[in-house]
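[1] Sequence and computational prediction follow.
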Amino acid sequence: YVPDSSGMVVSFLLSYVLPILLMWGLLSILFKRMGGRGGIMGVGKSTAKEYVQQETGVTFKDVAGEDEAKES
């Protein structure tokens, strides 16, 4: 008696490959909804933006003696 190899392949796919693919798909959807950059591999990457204050061109010497001058 020779076992049917096609039934073993289907059984293997349903038992091992299908659950792994389902978990991978679910995790990728969850990470994309959380706003993660780069999908699953983007875990731990910061999405913070650096704020750089622009120069006003006004120095302390320009406002010296002005009572109303405030530093921003």
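    Done, it's in.
[2] quick one: the helix or strand encompassing Ile29 to chain centroid distance?
    When elements are defined using DSSP states H and E, Ile29 is found to belong to helix 18-33. Centroid displacement of helix 18-33 relative to its chain, using CA atoms, centre = their mean, to the nearest Å, is 15 Å.
[3] in that helix, what counts as buried?
    Across helix 18-33, burial judged by 16 or more other CB atoms under 10 Å covers Phe31. Every residue, glycine included, has its C-beta placed from N, CA and C.
[4] pLDDT of that helix, averaged?
    For helix 18-33, mean pLDDT is 89.
[5] Show me the helices in the protein, by range?
    Along the chain, the segments classed as helices by DSSP state H run 5-12, 18-33, 60-63.
[6] and of the ones you listed, who's closest to Lys49?
    helix 18-33 (20.0 Å; CB to CB).
[7] and the closest one with helix 5-12, angle?
    Angle of helix 18-33 versus helix 5-12, following axes from the mean of the first three to the mean of the last three CA atoms, to 10 degrees, is 40 degrees.
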